[in-house]
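Asks: Build me a model from this:
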Amino acid sequence: TLSGVSSLHEGLKGKVEFQGRLTARNQGGKIACTDGVLSVEGADEATIYVSIATNFNNYLDITGNQTERAKSYLSEALVRPFAEAKKNHVEFYRRYLTRVSLDLGEDQYKNVTTDKRVENFKDTHDAHLVATYFQFGRYLLICSSQPGGQPANLQGIWNDKLFPSWGSKYTCNINLEMNYWPSEVTNLSDLNEPLFRLIKEVSESGKETAKIMYGANGWVLHHNTDIWRITGALDKAPSGMWPSGGAWLCRHLWERYLYTGDTEFLRSVYPILKESGLFFDEIMVKEPVHNWLVVCPMDNQLIFDLWTAIISASRILDTDKEFAAHLEQRLKEMAPMQVGHWGQLQEWMFDWDDPNDVHRHVSHLYGLFPSNQISPYRTPELFDAARTSLIHRGDPSTGWSMGWKVCLWARLLDGDHAYKLITDQLTLVRNEKKKGGT
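Replies: Take a look at the predicted model:
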């Protein structure tokens with residue numbers, strides 16, 4: 001067995017401890033284990049079983065027994081031959097995978113390896129590969145967000161580095177949310193359970209942060225959290241001093257209700273929505289020029305969604321009518337979305353936007369997608385302005401940014417441009433230092 005210890009967590013007694021166990025089943029030959037080294041000699045076949053467990057129960061409890069867990073996992077696995085275990089695994093994930101199908105035509109290149117199909121995509125326009133890419137995204141969520149486990153993080157369960165980018169945590173200024181964009185719309189609603197548990201837990205730990213950092217009630221989450229459900233500002237000030245992570249995550253709770261109509265679920269999460277809305281109600285200020293209500297950085301689209309969801313939920317659940325009425329009045333005081341001097345949707349309250357800015361973030365277009373505040377029919381002027389902003393931002397970018405832009409161009413009803421971004425995304429990348437691609 002392999003045992004070890006990771007870092008202490010402030011406020012918890014003891015340490016996070018883990019144990020790994022390894023064994024094999026052989027056909028022919030012999031197996032021996034000496035000084036922690038497993039040797040297989042002269043075998044026709046060997047199936048290796050690996051089991052790893054920790055004493056982690058949740059962000060407030062590390063009293064589990066890693067040894068008993070590791071033993072239990074291994075003993076349960078050993079009773080099944082490899083063929084049976086694989087068959088069970090395939091049947092399990094296919095129950096999720098086959099809930100949705102996307103048919104974009106015949107598989108004309110089924111005898112070509114995947115890397116070559118990606119490399120040739122600009123010439124072949126391999127539509128079946130696009131359909132496969134769609135299902136691959138669902139497959140990643142199926143593998144890394146099973147109920148009872150942790151949510152899908154930045155690198156998922158495939159992280160292979162001790163010190164990965166951004167700590168392989170949960171970046172809440174789009175990356176965590178983007179991981180779950182397929183959940184409701186592609187019939188994987190139950191895979192939200194780990195995400196919803198994370199939201200509940202940061203709504204608990206975020207109350208202390210709101211009180212200490214802002215002197216406010218309710219709860220707050222900044223741009224990043226981890227398995228310990230940290231909620232304060234961290235990393236660099238330009239990204240870390242961003243108090244709107246909770247508002248964006250609350251959108252996922254409201255989306256679950258919109259897709260399922262489950263009023264009991266809505267009732268169970270309403271306190272989370274309300275407490276997040278209360279935080280922003282207390283910290284937002286009036287800017288001096290127009291006397292508009294703003295949050296800094298200016299994430300009014302997120303707050304608009306949050307308060308609107310609370311107002312709608314209060315009516316559905318017949319509760320908190322006074323608070324809902326208060327928020328309705330506050331919505332009238334918020335800074336509106338504005339069109340700037342070069343026809344763009346303004347990112348800032350003042351007309352400061354640089355038409356040559358090609359930054360990967362397009363945060364001010366949240367109102368177009370994933371929200372629905374901007375539409376060609378209800379808000380045509382804002383719709384055109386959003387398009388202008390997106391054109392000036394450009395197409396090539398990091399992978400996640402191009403993924404967002406695909407969705408934005410689809411919302412702009414421009415399938416050709418969305419497809420162009422998919423083509424950019426389906427560019428073969430062999431060097432991980434290259435930005436964007438597959």
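Asks: Could you tell me how many residues sit around residue 226?
Replies: Residue 226 has 15 neighbouring residues, counting by other Cβ atoms under 10 Å. Any C-beta I mention is one placed from the backbone N, CA and C, and that applies to glycine too.
Asks: how near is residue 51 to residue 75?
Replies: Separation of residue 51 from residue 75 (Cβ to Cβ, to the nearest Å): 9 Å.
Asks: Let's check: the centremost residue of this structure is which one?
Replies: Centroid-nearest residue in the chain, with Cα atoms, centre = their mean: residue 176, separated by 2.1 Å.
Asks: between residue 51 and residue 75, who's got more neighbours?
Replies: Comparing residue 51 with residue 75 by other Cβ under 10 Å, the one with more neighbours is residue 51, at 20 against 12.
Asks: which residues sit in contact with the residue nearest to the centre of the chain?
Replies: Shown in contact with residue 176 (Cβ atoms under 8 Å, 6 or more residues apart in numbering): 151, 152, 153, 170, 195, 249.
Asks: Turn the residues you listed into CSV, including neighbour count.
Replies: CSV is the format used below for these (neighbours: other Cβ atoms under 10 Å):
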residue, neighbour count
151, 23
152, 25
153, 24
170, 28
195, 23
249, 25
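Asks: Of the residues you listed, which belong to strands?
Replies: Among the contacts of residue 176, DSSP state E puts residue 170 in strands.
Asks: Tally up the residues packed near residue 90, please.
Replies: Applying other Cβ under 10 Å, we find 11 residues neighbouring residue 90.
Asks: so after whatever helix or strand it lives in, what's the next helix or strand?
Replies: Residue 90 is part of helix 82-97 when elements are defined by DSSP states H and E. Later in the chain than helix 82-97, the nearest helix or strand by DSSP H and E is helix 114-119.
Asks: For that next one, which outside residues touch it?
Replies: 109, 124, 126, 129, 426, 427, 428, 438.
Asks: returning to what we had before: quick one: residues in contact with the helix holding residue 90.
Replies: Helix 82-97 is contacted by residues 47, 77, 80, 135, 138, 139, 142, 143, 188, 191 when judged by Cβ under 8 Å, 6+ apart.
Asks: List only buried entries from those residues.
Replies: The neighbour count (16 or more other Cβ atoms under 10 Å) marks 47, 135, 138, 142, 188, 191 as buried among those.
Asks: Just flag the most distant two among the residues you listed.
Replies: Largest separation among those by Cβ to Cβ: 47 and 188, giving 30.9 Å.
Asks: For the helix or strand hosting residue 332, list every residue counted as buried.
Replies: Using DSSP H and E, residue 332 sits within helix 321-333. For helix 321-333, a neighbour-count test (16+ other Cβ under 10 Å) marks 323, 324, 327, 330 as buried.
Asks: repeat for stretch 415-432
Replies: Using 16+ other Cβ under 10 Å as the burial criterion, the residues of stretch 415-432 that qualify are 417, 418, 419, 421, 422, 424, 425, 426, 427, 428.
Asks: Could you list everything residue 17 pairs with in the sheet?
Replies: Residue 17 has the following beta-bridge partners by DSSP bridges: residue 5.
Asks: ok, back up a step: quick one: mean pLDDT for the helix or strand just after the helix holding residue 332?
Replies: Downstream of helix 321-333, the next assigned helix or strand under DSSP H and E is helix 380-393. Regarding helix 380-393, the rounded mean pLDDT is 98.
Asks: other SSEs contacting the helix or strand following helix 380-393?
Replies: Where DSSP H and E defines the elements, the next helix or strand beyond helix 380-393 is helix 399-411. Helices and strands touching helix 399-411, by 3 or more Cβ pairs under 8 Å, 6 or more residues apart in numbering; DSSP states H and E, are helix 175-179, helix 380-393, helix 415-425.
Asks: ok, the residue nearest to residue 105 when sequence neighbours are not counted - how many residues close by?
Replies: Among residues not flanking residue 105 along the chain, residue 127 sits closest, at 4.7 Å (Cβ to Cβ, 6 or more residues apart in numbering). Residue 127: 17 surrounding residues under other Cβ under 10 Å.
Asks: And the strands in the stretch 201-350 of the chain?
Replies: Here the stretch 201-350 of the chain has its strands, by DSSP state E, counting those that start in this stretch, at 224-225, 285-286, 293-294.
Asks: what's the most buried one of the ones you listed?
Replies: strand 224-225 (a mean of 27; mean count of other Cβ atoms under 10 Å).
Asks: how close does residue 224 get to residue 421?
Replies: Look at residue 224 and residue 421: by Cβ to Cβ, they are 27 Å apart.
Asks: Give me the below-cutoff pLDDT ranges for the stretch 101-250 of the chain.
Replies: By pLDDT under 70, the stretch 101-250 of the chain has no low-scoring segment.
Asks: ok, residue 371 - contacts?
Replies: By Cβ under 8 Å, 6+ apart, the residues touching residue 371 are 251, 301, 305.
Asks: Sorry, slip of the keys, the one I care about is residue 184.
Replies: For residue 184, the contact set (Cβ under 8 Å, 6+ apart) comprises 192, 255, 256, 258, 259.
Asks: For my notes, confirm it occurs in a helix.
Replies: Yes. The assignment for residue 184 by DSSP: H, G, I helix; E, B strand; the rest coil puts it in a helix.
Asks: Report the separation between it and residue 75.
Replies: To residue 75, residue 184 is 38 Å away according to Cβ to Cβ.
Asks: Then residue 358?
Replies: As judged by Cβ to Cβ, residue 358 and residue 75 stand 55 Å apart.
Asks: now residue 95
Replies: Going from residue 95 to residue 75 by Cβ to Cβ gives 25 Å.
Asks: out of the contacts of residue 184, which are buried?
Replies: The neighbour count (16+ other Cβ under 10 Å) marks 192, 255, 256 as buried among the contacts of residue 184.
Asks: So for the second one, what pLDDT did the model give?
Replies: Just to be clear, that refers to residue 255. For residue 255, the predicted pLDDT is 97.
Asks: residues touching it, list them.
Replies: Residue 255 neighbours (Cβ under 8 Å, 6+ apart): residue 184.
Asks: Then the last one?
Replies: Taking Cβ under 8 Å, 6+ apart as the definition of contact, the neighbours of residue 256 are 184, 189, 192, 196, 262, 265, 269.
Asks: Good, wrapping up.
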